[in-house]
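[1] Could you work out the structure for the sequence below:
(chains A and B)
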Amino acid sequence: MLDIVVCFKWVVDEAFIRRTSSGDLDFSSVDYKISEYDRNAIEAAVRLREEYGGSVTAVIVGAPEAAKGVKDALSRGPDRAVFAEDPLFRDLDPSQTASVLGQVISSKTPFHLIICGEGSGDVYSQQTGPRLAEFLGIPCAAYVQRLTVKEEKVMADRKVEGFIEVDILPLPALVTVLPDIATPRIPGVKDTLMASKKAVIKVGKNELTAVPPPLLKTQSLKAARVERECEKFTAEAEGIKRFVAALQKRGVLK
Amino acid sequence: MAGVWVLGENREQLFELLSIGRSLADKYGTTLAAFAFQDTQAARDCIARGADRAVVLKYRGQEGPLDVFMPTIVEEVKGKDPDMLLIASTYRLKELAARIAERLKAGLCSDCIKLVFNEEEKSVEMERLMYGGSAVQKVVCLSRPAMATIPPGTFEKAEAGSGPGKEGDVDEIVQTNEPAVTMLERKVREREAKDIREARTVICVGRGFEKKEDIKLAEELATVLRGEIAGTRPVTEELHWLPESLCIGLSGIQVRPDLYIGLGVSGQIQHVTGLRDAKVICAVNRDANAPIFGVSDLGIVGDLYDVVPKLVDELKKGF
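    Next comes the predicted model:
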């Protein structure tokens, strides 16, 4: 039996972000989604439960509009959800998110294993999982591609530059997972109907000991620009010749 | 005590961090320290390349997960109170950095690609990408120390002789605590579908190709340039002319080759995001107004079916 907590985030779908002519970002027509990495994390949690028995609790920290995401997450197989909800939770830095997650998890849901996506689809700072492990004082392995559970221990294949490191973590523990851990299912109509019957435990800001002050301040957010030389050549023999000469000059022909 | 500290898994990463670390340390008016793992010679070479102090962190016995050094590093920071920690963004160090930051209650800028010292505030403004590369976020840490992870390859390596210290002792710190996580083994990664993230030359197939068979044109160019083939999202994930693992862009992989050549690639932001770190970007497109030309260094305006064979012939002459 394995009680699993899986954390997820409700994020802006970046495909809907427009760029104004002045280089600002236009969020006026954006839609939201469960961060892709977290969909794979949820799938991994549900498959572990199918294999070893136990439960899956999906935990989210977010603003009230993330309620849609809670239902989406539950349609993907978890047994229940814990939703730490407050308008202030729309913009937390990774240390704040980890603190709120940590407080909610330790007070509301006993666990053996916490699974987080490697990073979020919007900010992608890849800090929340390891920070949460540290907040809770439990062992951690990040960028895990494969998980096996055996006798109060979890074996994690984690990706490292050039090789795979196979680590053994005593439970309770936290892992952050890479997308190849599991391909997410596409919820059917029945899954969506079942999702609305599952328990959602809501936790307000006043139920927490404290939300710590931010440690990072965003000064600006601008559309990314790529600055290049933009030199054009014709398709005539002469143009091609000059193009190849330009490549040679830049030292990229080997 | 103060200082700028750099931490990397290997020499290359350390040397790169030393160059940005040196310039920040000078602006802070403080010293530069380098932390290496296991490799005493790498630590020593850091002194020749500008570090005022070098430390090597050593395992007590066998090598294991790097996080065994976390408490040691946290204690060092608490004792010596550095201004800033710069850490290479590798898989293991990204995790380690986040956990150190949490222990210290410090702000951490992940995958920072630009650092600018603000003289008035005596703080460092850091830039990083958000929303899959379509946005640049500028942040400052509200903590001491300030922390950043920096992707390998972001800065040039510091050269020997560029710093004040030529020689110096390497401090050795041996692992003090028992690891919570133990390493069972290291496995060589099975050869995945070709990993083009490390390719020096990438030829990208776009929707300008009319049918799958025509990709052989791109392959001919790749052969003569000794490059690898990749594709845009329509060509990989939608048409499946190429494996999905070769998809460059927001929904695929990020590449940073010396040379990228997009053939019949229109240049949507979702794709361009995946190649913004390429050294030289080239495009072949018959539409002179295609957005790809706006983000290219060199472009040929013409039909790829006409241009590519000519280009292959011209390149062959040079070899």
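
[2] hey, let's count contacts and neighbours off CA atoms from now on
    OK.

[3] Let's test this: mean pLDDT of stretch A:241-254, rounded?
    In this model, stretch A:241-254 carries a mean pLDDT of 90.

[4] contact partners of it?
    A:233, B:225, B:258-259, B:280, B:298-300, B:311, B:314-315 (C-alpha atoms under 8 Å, 6 or more residues apart in numbering or on different chains).

[5] Also stretch B:127-136?
    A:14, A:25, A:121-124, A:220-224, B:109-115, B:137-139, B:250, B:269-270, B:273-274.

[6] run the last query once more with 6 Å
    For stretch B:127-136, the surrounding residues in contact (C-alpha atoms under 6 Å, 6 or more residues apart in numbering or on different chains) are A:14, A:122-123, A:221-224, B:112-114, B:137-138, B:250, B:273.

[7] cool, stretch B:6-19 as well?
    Contacts of stretch B:6-19 (C-alpha under 6 Å, 6+ apart): B:34-35, B:42, B:85-88, B:152, B:155-158.

[8] Name only those of these that count as buried.
    Listed as buried from the contacts of stretch B:6-19 are B:34-35, B:42, B:85-88, B:152, B:155, B:157-158; burial here means 16 or more other C-alpha atoms under 10 Å in any protein chain shown.

[9] in the chain, what spans have low per-residue confidence?
    Reading this off chain A. A:226 (pLDDT under 70).

[10] that's the wrong chain, I wanted chain B
    B:1, B:161-167, B:189-194, B:251, B:319.

[11] Chain A contacts on that one?
    Proximity of chain B to chain A is confined to B:91, B:95, B:98-99, B:102, B:107, B:110, B:130-131, B:134-143, B:181-189, B:294-302, B:307 under the rule C-alpha under 6 Å from any C-alpha of the partner chain.

[12] Put the buried members of those residues into a ChimeraX selection.
    Those of those that count as buried under 16+ other C-alpha under 10 Å are selected in ChimeraX with:
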select /B:95,98,99,102,107,110,130,131,134,135,136,137,138,139,140,141,142,143,181,182,183,186,294,295,296,297,298,299,300,301,302,307
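
[13] which ones among the residues of chain B next to chain A are found in helices?
    B:91, B:95, B:98-99, B:102, B:307 (DSSP state H).

[14] Tell me how far the closest residue to B:R49 other than its chain neighbours lies from B:K27.
    Closest residue in space to B:R49, ignoring its immediate chain neighbours: B:A160 at 4.3 Å, by C-alpha to C-alpha, 6 or more residues apart in numbering or on different chains. Applying C-alpha to C-alpha, to the nearest Å, the value for B:A160 to B:K27 is 20 Å.

[15] Need the CA coordinates for the helix or strand containing A:F135. CSV is fine.
    Using DSSP states H and E, A:F135 sits in helix A:128-136. Below are the C-alpha coordinates for helix A:128-136, written out as CSV (Å, rounded to 0.1, in the frame of the first residue of the first chain):
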residue,chain,number,x,y,z
THR,A,128,9.3,23.8,-6.1
GLY,A,129,9.8,20.0,-5.8
PRO,A,130,13.3,20.1,-4.2
ARG,A,131,12.3,23.0,-2.0
LEU,A,132,9.2,21.1,-0.8
ALA,A,133,11.4,18.1,0.1
GLU,A,134,13.7,20.4,2.0
PHE,A,135,10.7,22.1,3.7
LEU,A,136,9.4,18.7,4.8
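
[16] want to try JSON lines for the contacts of stretch A:241-254, with secondary structure and distance to A:P213 as columns?
    Output for those, formatted as JSON lines (DSSP: H, G, I helix; E, B strand; the rest coil; distance: C-alpha to C-alpha, whole Å):
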{"residue": "A:F233", "secondary structure": "strand", "distance to A:P213": "54"}
{"residue": "B:L225", "secondary structure": "helix", "distance to A:P213": "53"}
{"residue": "B:D258", "secondary structure": "coil", "distance to A:P213": "43"}
{"residue": "B:L259", "secondary structure": "strand", "distance to A:P213": "44"}
{"residue": "B:V280", "secondary structure": "strand", "distance to A:P213": "43"}
{"residue": "B:L298", "secondary structure": "strand", "distance to A:P213": "48"}
{"residue": "B:G299", "secondary structure": "strand", "distance to A:P213": "49"}
{"residue": "B:I300", "secondary structure": "strand", "distance to A:P213": "53"}
{"residue": "B:L311", "secondary structure": "helix", "distance to A:P213": "58"}
{"residue": "B:E314", "secondary structure": "helix", "distance to A:P213": "61"}
{"residue": "B:L315", "secondary structure": "helix", "distance to A:P213": "59"}
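
[17] Return the closest of the residues you listed with respect to A:L2.
    B:D258 (47.7 Å; C-alpha to C-alpha).

[18] list the contacts for the nearest residue to A:E229 once chain neighbours are set aside?
    What sits nearest to A:E229 in space, not counting adjacent residues and going by C-alpha to C-alpha, 6+ apart, is B:D297, at 4.4 Å. With contacts defined as C-alpha under 6 Å, 6+ apart, B:D297 is in contact with A:228-231, B:281-282.

[19] just checking, which of those belong to helices?
    Per DSSP H, the subset of those in helices is empty.

[20] Give me the neighbour count for A:Y52.
    14 (other C-alpha atoms under 10 Å in any protein chain shown).

[21] and what of the one 10 residues further on?
    Summarising burial for A:G62: neighbours were counted as other C-alpha under 10 Å, giving 25.

[22] who's it bridged to?
    A:E85 (DSSP bridges).

[23] Go through the buried ones among the contacts of stretch B:6-19 and say which is closest to A:A237.
    Of the buried ones among the contacts of stretch B:6-19, the one sitting nearest to A:A237 (C-alpha to C-alpha) turns out to be B:F155, at 37.9 Å.

[24] tell me which element that closest one falls in.
    Applying DSSP H and E, one finds B:F155 in no helix or strand.

[25] Can you tell me the closest non-neighbouring residue to it?
    B:F155 sits nearest to B:E16 (C-alpha to C-alpha, 6+ apart), 5.4 Å away.

[26] May I see the buried residues of the strand or helix carrying that neighbour?
    Here B:E16, judged by DSSP H and E, is contained in helix B:11-28. Within helix B:11-28, the residues that count as buried by 16+ other C-alpha under 10 Å are B:11-22, B:24-25, B:28.
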